[in-house]
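Novice: No letters, just coordinates:
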């Protein structure tokens, strides 16, 4: 089991990590940090999801909500997690600027897509911190039973 | 994605634009501005966090409009402490330990407009086209969150690599640092590159 000094894995846009190390995504805007964790073991996964729909693309499965959910579950299954023990937490999906036209409400659509695909696989959402207008940096440490800590730019911290 | 000749041409273009932006900043602050050589990076979206972080900053963001196809953004990035020193220098104030206020926001929009207009004017003149900044959007938040949201917009969402142009502009006298970013999507980048190629013929 990893100690407190285990290096934190930084999960960039469209990437994922599954395992026992602490993991973090920096500066989530409209993107989502999806944490799926095992309720019975110190194991979990994080995907940094950018868009709601892969439209059939298979490269970078963690970039899109539909492929990311299935992919994380599969990765956790391969690490020995039973699907019935899995639970999810969702962070991000902010709406940072109103002024520009392209891809309106992308954050909100990301959140909806992830909820839909989690439901399809019967994975309960235990907590979420989504929407709003501010960015978030999140850290999840599998050694701490699914706790996700969230920091915003003004220094506010919370744990879900 | 870019050969070395294209990289040099882009750097030169950015250099000219940034020099004009630096001149306007220098006039507003009545101080010398130090300008770094522009960096041109081809960055995978998964590595954006290595270029912009989550420290509280102001970002004045402009969409590029005018006689150029595709989509692109110019961003003026100023870390929070520099914003305070910038407003203080402009308004003759000294208090450093304070939160950002409407006064800072007005100063940022003003400075952003003037610097980015100068930047786009100079680059467009070189290319013999017209490029104009949209009205600015001001965000005081994590730079990575702003970049990431731009990359999720339609003009960028299908690509996994972006070209980021960055120049650092500093006033060492006032301890102010800022970065000018240019973020063109693929069609805009291609068009700018082909204009630059024609110029060099």
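Specialist: Nice, I can see it. Values in this document were obtained by computation on a predicted structure and should not be read as measured data. Residues are numbered from 1 along each chain as shown, chains lettered A, B, ... in the order given.
Novice: middle-most residue in chain A, spatially?
Specialist: residue A:34 (1.4 Å; Cα atoms, centre = their mean).
Novice: Show me the beta-bridge partners of that one.
Specialist: Taking DSSP bridges as the rule, residue A:34 bridges to residue A:47, residue A:90.
Novice: who's in contact with residue B:184?
Specialist: B:64, B:70-72, B:163, B:165, B:192 (Cβ atoms under 8 Å, 6 or more residues apart in numbering or on different chains). Where you see a C-beta, it was placed from the backbone N, CA and C, and this is true even at glycine.
Novice: do residue B:46 as well
Specialist: Going by Cβ under 8 Å, 6+ apart, residue B:46 touches A:12-15, A:48, B:160.
Novice: same question, residue A:110
Specialist: By Cβ under 8 Å, 6+ apart, the residues touching residue A:110 are A:30-32, A:49-52, A:65, A:92-93.
Novice: Mind checking which of the residues you listed land in strands?
Specialist: A:32, A:49, A:92 (DSSP state E).
Novice: burial measure for the first one, as a count.
Specialist: Here the number of neighbours of residue A:32 (other Cβ atoms under 10 Å in any protein chain shown) works out to 29.
Novice: Would you confirm that it contacts residue A:89?
Specialist: No - contact criterion Cβ atoms under 8 Å: residue A:32 and residue A:89 do not qualify, at 10.5 Å.
Novice: what sits in contact with each of these two?
Specialist: Contacts common to residue A:32 and residue A:89, judged by Cβ under 8 Å, 6+ apart, are absent.
Novice: on that earlier part again, with pLDDT and distance to residue A:71 added, can I get the ones in strands among the contacts of residue A:110 in TSV?
Specialist: Conversion of these to TSV gives the following (pLDDT from 0 to 100; distance: Cβ to Cβ, whole Å):
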residue	pLDDT	distance to residue A:71
A:32	96	14
A:49	96	10
A:92	96	18
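Novice: Tell me the one of those residues nearest chain B?
Specialist: For the ones in strands among the contacts of residue A:110, the residue nearest chain B by Cβ to the nearest Cβ is residue A:92; the value is 8.7 Å.
Novice: Chain neighbours aside, what residue packs nearest to that closest one?
Specialist: Nearest-residue entry for residue A:92: residue A:28, 3.7 Å, with adjacent residues in sequence omitted and distances by Cβ to Cβ, 6 or more residues apart in numbering or on different chains.
Novice: Tell me the predicted confidence for the one you found.
Specialist: Residue A:28 carries a pLDDT value of 96.
Novice: I'm done for today, thanks for sticking with me.
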